[in-house]
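Chemist: just to be clear, the model below is a prediction. Sequence and coordinates:
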Amino acid sequence: KNQVEQSPQSLIILEGKNCTLQCNYTVSPFSNLRWYKQDTGRGPVSLTIMTFSENTKSNGRYTATLDADTKQSSLHITASQLSDSASYICVVTNTNAGKSTFGDGTTLTVKP
Amino acid sequence: DGGITQSPKYLFRKEGQNVTLSCEQNLNHDAMYWYRQDPGQGLRLIYYSQIVNDFQKGDIAEGYSVSREKKESFPLTVTSAQKNPTAFYLCASSPGQTNIQYFGAGTRLSVL
């Protein structure tokens, strides 16, 4: 069964600190992995998308890594800002019919 | 101004009533999707469409119906058969099934 598990479920950090969110998946055969940011009451917005051959991709202060062998990804946020407070969702798509499996998300709270 | 538009932002349903949520995109995307999000949970796929006049059930299609008569539009009807419709509904579109999905701002449905 295709699954995507994210950890931690929630995280509180102080403004200016770094943090790392984890995503483990069992989706196969793998097509791509995406990280989305979802502000409360809004639709998710794409941060990064990585294919099998990519192991790092950055978008400003967000850096995603992918280890296709261990089926793990991480999202690292550098120098956090209050506006980073949101839910971060990991999505893995397989190559069979392009079906996407969504993780439950990690809720990040950045405090001043 | 390209994007994906959902309306209304808030919707209330009476017992036994069908309601329709609108989703329009001007991104010229072939694929469109409907998701349901409950508090603290991940997105669950209701229906998706890869091409005009064709759509497939997702993981939780019971109590919902869709149509895809135009490329730009993918309305979702929540029927009276859906006994627990209170949720946040998100529409998305993508150029193809393995591509990044672009989300609308969502519709919050509540039962009166």
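Modeler: Cool, the structure landed. Since the structure is predicted, the reported quantities are computational estimates derived from the model, not experimental observations. Numbers count the residues shown, from 1 in each chain, chains lettered A, B, ... in the order given.

Chemist: only C-alpha atoms for contact and neighbour calcs from this point on.
Modeler: OK.

Chemist: what pLDDT does the residue lying closest to B:Ala105 once chain neighbours are set aside get?
Modeler: Nearest non-adjacent residue to B:Ala105, counting by Cα to Cα, 6 or more residues apart in numbering or on different chains: A:Gly43, 4.6 Å away. Looking at A:Gly43, its pLDDT reads 94.

Chemist: how about low-confidence regions in the chain?
Modeler: Chain wasn't specified; assuming chain A. Low-confidence segments of chain A, defined by pLDDT under 70: A:97-98.

Chemist: ah, no, chain B please
Modeler: Those would be B:1-2, if you go by pLDDT under 70 across chain B.

Chemist: which residue lies nearest the spatial centre of it?
Modeler: Most central in chain B under Cα atoms, centre = their mean is B:Trp34, positioned 3.1 Å from the mean C-alpha point.

Chemist: list the contacts of it.
Modeler: The neighbourhood of B:Trp34, defined by Cα atoms under 8 Å, 6 or more residues apart in numbering or on different chains, consists of B:Leu45, B:Ile46, B:Tyr47, B:Tyr48, B:Leu76, B:Tyr89, B:Leu90, B:Cys91, B:Ala92.

Chemist: then B:Ser80?
Modeler: B:Glu15, B:Gly16, B:Gln17, B:Asn18, B:Gly63.

Chemist: spatially nearest residue to it, not counting backbone neighbours?
Modeler: Nearest residue to B:Ser80, sequence neighbours excluded (Cα to Cα, 6+ apart): B:Gly16, at 4.7 Å.

Chemist: sorry, back to before: the residue nearest to B:Ala105: what's it in contact with?
Modeler: B:Leu90, B:Phe103, B:Gly104, B:Ala105, B:Gly106.

Chemist: quick check: the farthest pair among those?
Modeler: B:Phe103 and B:Gly106 (8.0 Å; Cα to Cα).

Chemist: can you list the residues of chain B near chain A?
Modeler: Residues of chain B lying close to chain A by Cα under 8 Å from any Cα of the partner chain are B:40-44, B:90, B:97-98, B:100-106.

Chemist: ok, the closest residue to chain A within chain B - how many residues close by?
Modeler: Nearest residue of chain B to chain A, counting by Cα to the nearest Cα: B:Gly42, 3.9 Å away. Other residues near B:Gly42 come to 18 when the count uses other Cα atoms under 10 Å in any protein chain shown.

Chemist: not counting sequence-adjacent ones, nearest residue to the residue of chain A found nearest chain B?
Modeler: Across chain A, no residue is closer to chain B than A:Asp104, which sits at 3.9 Å (Cα to the nearest Cα). Using Cα to Cα, 6+ apart and skipping residues adjacent in sequence, the residue nearest A:Asp104 is B:Gly42, 3.9 Å away.

Chemist: who touches the one you found in this structure?
Modeler: With Cα under 8 Å, 6+ apart, B:Gly42 has these contacts: A:Phe102, A:Gly103, A:Asp104, A:Gly105.

Chemist: how about the residues you listed in JSON lines, adding secondary structure?
Modeler: Below are those laid out as JSON lines (DSSP: H, G, I helix; E, B strand; the rest coil):
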{"residue": "A:Phe102", "secondary structure": "strand"}
{"residue": "A:Gly103", "secondary structure": "coil"}
{"residue": "A:Asp104", "secondary structure": "coil"}
{"residue": "A:Gly105", "secondary structure": "coil"}
